[in-house]
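In: A structural model of the following input is requested.
(2 chains)
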Amino acid sequence: MTKNPSKTATGSKKPPFYITTTLPYVNAEPHIGFAMELIRADIIARAKNLAGHEVFFNTGTDEHGLKIFQKAKQNHKEPQEYVDEAAAKFKELLPLLGIAENVAGITFKFVRTTDTDHIAAAQEFWKIADKNGLIYKKNYKIKYCVGCELEKTESELVEGKCPLHPLMELEVYEEENYFFRFSVYQKPLMDLYGRGSVSGSSGVGERRDGDGSPVTTPFVVPSSRLNEIRAFVERGLEDFSVSRLATKMPWGIPVPNDPAHVMYVWFDALVNYISTIGWPTDMKKFDKWWVESGGAVQYCGKDNLRQQSAMWQAMLMAVKLPPSKQIIIDGFITGEGGVKMSKSLGNAVNPLDIVKEYGTDALRYYVARELHPFEDSAYSPDKFKESFNAHLANGLGNLTSRILKMAETNGIKYDLVAEKEFAESAEYKTLLEKYSEGLDKYDIQQASNSIWDLIGATDKIVQERQPFKKIKEDRAGAEKDIKELLARLHMIGTMLLPILPETAAKIVGLVEKNKMPEAPLFMRK
RNA sequence: CGCGGGGUAGGGUAACGGUAACCCGUCAGGCUCAUAACCUGAAAAUUGCCGGUUCGAUUCCGGCCCCCGCAACCA
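Out: Residues are numbered from 1 along each chain as shown, chains lettered A, B, ... in the order given. The predicted structure follows:
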């Protein structure tokens, strides 16, 4: 088997591919950050599917825990009622973002941590980890600020005091909790990070893709995040609490054989990555999507680095399951000037407002090309509008109009001979390499840039060869030019398929039917 | 000395030892197939500060200043 999917011989089966987002916690409205994560995962899912892989695409909602319990109470609702409504809201987002819910070859799943099969899976997971000796009970010191009437974590304290009530002594009491033996996984985790990394490959038990080829990209992408988690694990790990007293916080999955405790939400939520693909009841399905595929590619924000790349991996080891395939870390979307987005600052952006004004593909374009694939990026309405006008209206949309107008009025049709010729050109090969390499590295911006390189080069050709003028004295020459332009446009549409599915399908369709768009693809704003 | 990332034209980014590149915006010219779109050209950066290594540093080393995450049970 070859490592490069594009080199796989026709007919040989490509391994299944599994990609997932994190499950957003439903204590707040869907925000732009989650929309971004979903769009990116969707682009990768579609691209893999188009490249011939069968794809499983998972997303959903995380619905247990104290914050949700409190939020439900605030709204005078039962927790279940509250999360049902919240989950529905997140689900509504999917079609507006153009998520591949109904695409042939992509199995889409929206998992909720309150689903009965997820609850059963989380309990089974706990039982196995417990049986393997990785869960134990111990007294846990709680620091309680009487002033706030709240428990305080170490990170909330300033010099050992509650910053809001620095004159009051914290009450300390002990509570029995279950703990996970995270500490024993320091070495195994370091090994995991070492393997498959570009530089420090150990050569032993390398991570393998479903077809047996070694995974050559780092376990955590980008590699700066891999360094970060490595440094964190290297400093030593402490066991972490994985339960809460049900009397204090009943909204969670009951701990097996101990109804006095519920699972801590992280422990519960992370299991979704395998419960969603049938573990532990449908092991055939699980094997396909977790074992044959080489595990999940997990998109998450940088605040999730530890949970995804350390805690979850250790948990998998505790139940003797193979690790995830890769963790892809996103940056955050910030407001203008890199200021954190927040409701209180009033600079939070609702993805639905953008979709309403500009359309689904415009938002997808912005995420794909204007946001840094791994670092923080600033969003501003002005920037959005500028890039929309420059690249979607003036760039892609206008190019489509001008080429199809020439083709339609002169009755010149797209044909495969011209397309084949262009596909064999050095120009196209270079672009395609940039495009595929970008997608392989999860650098969606690079992949998108290659398409806009082609758009720019094609605009230039129209200007230089002037087929609209040439047609008057040299019909054959102009026809050849226009056929090449049509081939180029067709190629642009094809490359755009995973990124702007709706627009891409439209372009491909128009070229094949030799029809000029009835209305501009993107109206200048 | 907690850990990590970063400071490059008006804005956003790239290059990472050898004339500082790209996109947006601005200005001038060209074209008329196209969505006042498109093409060409120009202006615009002493690459955070100070010192060192080097024939030569944005790029390597040391120090300093500033910004942004994280610092574990916060989902």
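In: and A:Ile329, which of the three is it?
Out: Put simply, A:Ile329 is strand when judged by DSSP: H, G, I helix; E, B strand; the rest coil.
In: so which strand or helix has the nearest residue to it once chain neighbours are set aside?
Out: In this structure, A:Ile329 finds its nearest non-sequential neighbour in A:Arg225, 4.4 Å apart by Cβ to Cβ, 6 or more residues apart in numbering. (C-beta placed from N, C-alpha, C; glycine too.) Using DSSP states H and E, the secondary-structure element containing A:Arg225 is helix A:223-234.
In: do that helix and RNA strand B meet at all?
Out: Yes: for helix A:223-234 and RNA strand B, the contact criterion (Cβ under 7 Å from any atom of the strand) is met by A:Ser224, A:Asn227, A:Glu228, A:Ala231, A:Phe232.
In: how near is the fourth one to A:Val220?
Out: Taking Cβ to Cβ, to the nearest Å as the measure, A:Ala231 and A:Val220 are separated by 12 Å.
In: between those two, point out the one with more neighbours.
Out: When A:Ala231 and A:Val220 are compared for neighbours, A:Val220 comes out ahead with 26 against 9, by other Cβ atoms under 10 Å.
In: report the contact partners of the more buried one.
Out: A:Tyr193, A:Leu226, A:Ile229, A:Leu305, A:Ser309, A:Gln326, A:Ile327, A:Ile329 (Cβ atoms under 8 Å, 6 or more residues apart in numbering).
In: go again using 10 Å as the cut-off
Out: A:192-193, A:197, A:226-230, A:298, A:305, A:308-310, A:324, A:326-329 (Cβ atoms under 10 Å, 6 or more residues apart in numbering).
In: check A:Glu502 too.
Out: A:Gly98, A:Gly359, A:Thr360, A:Asp361, A:Arg364, A:Leu496 are the contacts of A:Glu502 under Cβ under 10 Å, 6+ apart.
In: from the contacts of A:Val220, keep the buried residues only.
Out: A:192-193, A:197, A:226, A:228-230, A:298, A:305, A:308-310, A:324, A:326-329 (16 or more other Cβ atoms under 10 Å).
In: what about stretch A:494-514, near RNA strand B?
Out: No: judged by Cβ under 7 Å from any atom of the strand, stretch A:494-514 stays clear of RNA strand B, getting no closer than 9.4 Å.
In: need the phi and psi values for A:Arg181.
Out: Main-chain torsions, A:Arg181, degrees, to the nearest 10: phi -80, psi 70.
In: check A:Tyr414 too.
Out: phi -60, psi 130.
In: spell out the secondary structure type for the residue lying farthest from the centre of chain A.
Out: Most distant residue from the mean C-alpha position of chain A: A:Glu473, 52.9 Å away (Cα atoms, centre = their mean). The assignment at A:Glu473 comes out as coil when based on three-state DSSP.
In: now it: how far from RNA strand B?
Out: Using Cβ to the nearest atom of the strand, to the nearest Å, A:Glu473 is found at 13 Å from RNA strand B.
In: from the chain's centroid, how far away is stretch A:450-465?
Out: Its chain's average C-alpha position is 31 Å from that of stretch A:450-465, according to Cα atoms, centre = their mean, to the nearest Å.
In: flag every buried residue along that stretch.
Out: In stretch A:450-465, counting by 16+ other Cβ under 10 Å, buried: A:Ser450, A:Ile451, A:Leu454, A:Ile455, A:Thr458, A:Asp459, A:Ile461, A:Val462, A:Arg465.
In: what residue in the stretch 201-350 of chain A comes nearest to RNA strand B?
Out: A:Phe240 (3.1 Å; Cβ to the nearest atom of the strand).
In: report the contact partners of the residue farthest from the centre of chain A.
Out: Per Cβ under 10 Å, 6+ apart, neighbours of A:Glu473: none.
In: what segments of the stretch 201-350 of chain A are strands?
Out: A:220-221, A:240-241, A:243-245, A:254-255, A:258-263, A:296-301, A:326-330, A:333-334 (DSSP state E, counting those that start in this stretch).
In: wait, does the third one make contact with RNA strand B?
Out: To tie it back to what came earlier, the one meant is strand A:243-245. No: Strand A:243-245 is not in contact with RNA strand B by Cβ under 7 Å from any atom of the strand; minimum separation 7.9 Å.
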